[in-house]
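**Q** Just to be clear, the model below is a prediction. Sequence and coordinates:
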Amino acid sequence: MRWGWLYIALFCFWGEQVAGQACRVVFYNVENLFDTCDDPFTKDEEFTPGGAKHWTERRYREKLLHLAGALNEAGGENLPAFIGLAEVENRAVVNELIQQPGLREGDYRIVHRDSPDLRGIDVAFLYRPSVFRILDTAFFNITFPEDTTLTTRDILYVCGVVGKETLHFMVCHFPSMYGGETKSEWKRVQTARVVRRKTDSIREADPGAKIVIMGDLNGKANTAAQKVLGTQSSDRAKIVPDSLYNTGYYLLDKDYGSYRYRGNWQTLDHIIVSGTLFQRKRGLRAERRMKVFSAPFLLEEDRRYSGYKPLPSYRGPRYYGGYSDHLPVYLDLFWGKR
């Protein structure tokens, strides 16, 4: 179906990069990718055949096909080299996802760990072994001293080699805005501190480290949590190697994004990179702006507020048979000038 991956395999892994050759990074909050079995250790009962969502095997299989197709198309000419996922229940559902027709030929490998999230939803990282060789993985648990009963998703960390370059990835799903954006912001700030400590330690060990942070941060590019991360707009004329840049910052001024709430588009899903991925004329570099993948099949008409909105699997208790309430975002990494 897609032959472009062969070129990526040759150019990326074996170190014979050609200027402009791209490896795409995609992040997608897939909206409650649960299996149909009740896990006695998590609150997943609604996503069972007898639960409130009437989550059947047929609906589960349909969602897997939909998500695989969306990720396939988000890759453009080639399947994505790297995929970050949010809201997956366990490793088994991720493994079934990568076996779907839209993704099977990518031969993806999985990095995942069950997190302490009460609903049992996690983050995961997919990569193609023809492109990326893993050196290290880690998971960082988030604790809240203010309320020790609270739990959330782990921060996933992966370090590996693309061609001859070392690349650090972090996949995140910050705490939700449940209870109100302002009142819940402290939880996202606490999570951002954990990410910031890790990025600082990476750069202390290697000032030239190349870092990609992706995830559903449950907030726009100018929130308090982003300030803790120290992110700046990637459109800035002057780029500093030891700073972090939000490649979706420009979307603050746009009437579209990765998520729509009550008729208003916003971008909760972000790809943040270190300034080192913008500066060098040779070696691995990043595009300045991430993009939202908003293919028509991922959208439905917003009859209440006009325009369009993401087509989800569910809206409240009602089943829509769609994809996700979020849209995928992506960023291309490439070698040399473009």
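**A** Received it, and whenever you're ready, just let me know what you need.
**Q** So for stretch 321-338, what gets flagged as buried?
**A** Judged by neighbour count using 16 or more other Cβ atoms under 10 Å, the buried positions of stretch 321-338 are 322-335. Quick note: C-beta positions are derived from backbone N, CA and C, even for glycine.
**Q** Let me have the residues you listed in a markdown table, adding secondary structure as columns.
**A** Below are the buried residues of stretch 321-338 laid out as a markdown table (DSSP: H, G, I helix; E, B strand; the rest coil):
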| residue | secondary structure |
| --- | --- |
| 322 | coil |
| 323 | coil |
| 324 | coil |
| 325 | coil |
| 326 | strand |
| 327 | coil |
| 328 | coil |
| 329 | strand |
| 330 | strand |
| 331 | strand |
| 332 | strand |
| 333 | strand |
| 334 | strand |
| 335 | strand |
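**Q** Closest one of those to residue 291?
**A** Residue 291 lies nearest to residue 330 out of the buried residues of stretch 321-338, by Cβ to Cβ, at 5.8 Å.
**Q** Do me a favour and get the end-to-end distance for stretch 245-254?
**A** Using Cα to Cα, to the nearest Å, one end of stretch 245-254 lies 18 Å from the other.
**Q** May I see the buried residues of that stretch?
**A** 245, 246, 247, 248, 249, 250, 251.
**Q** Stretch 236-244 now?
**A** 239, 241, 243, 244.
**Q** residue ranges for the helices of the stretch 51-200 of the chain, please.
**A** 57-74, 91-98, 181-205 (DSSP state H, counting those that start in this stretch).
**Q** Same list (those helices) but as TSV, adding mean pLDDT and distance to residue 137.
**A** Listed next are the helices of the stretch 51-200 of the chain as TSV, based on pLDDT from 0 to 100; distance: least, Cβ to Cβ, whole Å:
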stretch	mean pLDDT	distance to residue 137
helix 57-74	98	21
helix 91-98	98	13
helix 181-205	97	13
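**Q** what's the neighbour count on the nearest residue to residue 304 once chain neighbours are set aside?
**A** Residue nearest to residue 304 in three dimensions, not counting chain neighbours: residue 263, with 7.1 Å by Cβ to Cβ, 6 or more residues apart in numbering. Per other Cβ atoms under 10 Å, the neighbour tally for residue 263 reads 11.
**Q** Over to residue 273?
**A** Neighbours around residue 273, by other Cβ under 10 Å: 26.
**Q** just residue 258 next, same as before
**A** 27.
**Q** what's the closest non-adjacent residue to it?
**A** Nearest to residue 258 is residue 269, by Cβ to Cβ, 6+ apart, at 4.2 Å.
**Q** Let me know the outermost residue of this protein.
**A** residue 50 (30.6 Å; Cα atoms, centre = their mean).
**Q** right, and the residue nearest to residue 258 touches residue 218 too?
**A** No: Residue 269 is beyond contact range of residue 218, at 9.4 Å (criterion: Cβ atoms under 8 Å).
**Q** Pick out whichever of the buried residues of stretch 321-338 sits closest to residue 294.
**A** Looking across the buried residues of stretch 321-338 and measuring by Cβ to Cβ, the closest to residue 294 is residue 327, at 5.5 Å.
**Q** before we move on, back to that, what is the nearest of the buried residues of stretch 236-244 to residue 317?
**A** Using Cβ to Cβ, the buried residues of stretch 236-244 come closest to residue 317 at residue 244, 39.6 Å.
**Q** ok so, going back, Throw the helices of the stretch 51-200 of the chain into JSON lines and include mean neighbour count and distance to residue 273, thanks.
**A** Formatted as JSON lines, the helices of the stretch 51-200 of the chain follow (neighbours: other Cβ atoms under 10 Å; distance: least, Cβ to Cβ, whole Å):
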{"stretch": "helix 57-74", "mean neighbour count": "18", "distance to residue 273": "18"}
{"stretch": "helix 91-98", "mean neighbour count": "18", "distance to residue 273": "24"}
{"stretch": "helix 181-205", "mean neighbour count": "17", "distance to residue 273": "11"}
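**Q** Tabulate these (a markdown table), appending distance to residue 33.
**A** Output for these, formatted as a markdown table (distance: least, Cβ to Cβ, whole Å):
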| stretch | distance to residue 33 |
| --- | --- |
| helix 57-74 | 7 |
| helix 91-98 | 5 |
| helix 181-205 | 21 |
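**Q** How about the contacts made by the residue nearest to residue 258?
**A** Contact analysis of residue 269 by Cβ atoms under 8 Å, 6 or more residues apart in numbering lists 27-29, 214-217, 248, 258-259, 326-329.
**Q** what about stretch 325-338, average pLDDT?
**A** Stretch 325-338 comes out with an average pLDDT of 89.
**Q** Kindly apply the preceding question to stretch 254-267 instead.
**A** 95.
**Q** Would you mind pulling the contact partners of it?
**A** 220-221, 248, 251-252, 268-269, 292, 294, 302, 304-307, 309-310, 325-329.
**Q** So residue 309 lies in a strand, does it not?
**A** Yes: with three-state DSSP as the criterion, residue 309 is part of a strand.
**Q** Surely it and residue 303 touch.
**A** No: with contact defined as Cβ under 8 Å, residue 309 does not reach residue 303; the gap is 9.7 Å.
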